[in-house]
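Student: below: sequence and its predicted model.
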Amino acid sequence: MGVQVCWDVEAEQPPARVASWRSMNATCRGAKDEWLALFAPDAVIEDPVGKSMFDEEGRGHHGHEGIAAFWDLAIAKVERFEFVIKDSFAAGDEVANVGTITTYLPGGYRVDTEGVFVYRVGDDGLVRSMRAFWETEWAMATARQVGG
C-alpha cells in the first residue's frame, strides 16, 4: 500500500497539508487508531459532501464515534488504497487537494474516485473538518474487475 504525493514532504508545509498527508498515509496502512487521532474530538467528515451511501441524511460524520463508524463503513472494507494528488492548494487553515483515490475492493474490483478533498485544521494541527467533493456516479462508472 502506498501514498503518492506531489509536494516535497521534506520541505516545511502548511499544517493542513501535513494533516491531509498523514490522513492518507494512515488510511493506506490501515492504521485506524492513528488516523482517528488526527481528528479533533468535535471534527466532522463529509465524504462525499451531501447524501450518499455512506451518509443517507447528508449531515456528515461527527466526533470520534461518528468518524470511527465512517472508517468501519467506508474504509475498513477496502483491501488497498492509492492516493495520487495532482494539485494541492493551501490557504489559511485549509488545504484543497485535487486528485484520484483508487480503491481495490474484495472480489478484485478497482474504483477510481476523482475529486477535491478539503481539510481544515485548528491551531493544534488536528483536523476539524474533511470535506470530499466527488460524484458517486462518476466513481462507479470506473469500477472494473482487475483480478479475483
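Tutor: Done, it's in.
Student: mind listing the helices for the chain?
Tutor: Assigned by DSSP state H, the helices in the chain fall at 15-29, 32-36, 63-70, 136-141.
Student: let me have these in TSV, extended by distance to residue 45.
Tutor: The C-beta positions use only the backbone N, C-alpha and C, and glycine is treated the same way. Shown next, in TSV, are the helices of the chain (distance: least, Cβ to Cβ, whole Å):
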stretch	distance to residue 45
helix 15-29	10
helix 32-36	11
helix 63-70	5
helix 136-141	16
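Student: closest one to residue 76 among these?
Tutor: helix 32-36 (7.3 Å; Cβ to Cβ).
Student: same for that closest one, what does it pack against?
Tutor: helix 15-29, helix 63-70 (3 or more Cβ pairs under 8 Å, 6 or more residues apart in numbering; DSSP states H and E).
Student: what's the closest non-adjacent residue to the spatially most central residue of the chain?
Tutor: Closest residue to the average C-alpha location of the chain: residue 24 at 6.2 Å, with Cα atoms, centre = their mean. Closest residue to residue 24 apart from its sequence neighbours, by Cβ to Cβ, 6 or more residues apart in numbering: residue 83 at 4.6 Å.
Student: then residue 82?
Tutor: residue 102 is the one closest to residue 82 (Cβ to Cβ, 6+ apart), at 4.2 Å.
Student: right, and that neighbour touches residue 79 too?
Tutor: No: taking contacts as Cβ atoms under 8 Å, residue 102 lies outside contact range of residue 79: 11.3 Å.
Student: with neighbour numbers in mind, choose between those two.
Tutor: residue 102 (17 against 14; other Cβ atoms under 10 Å).
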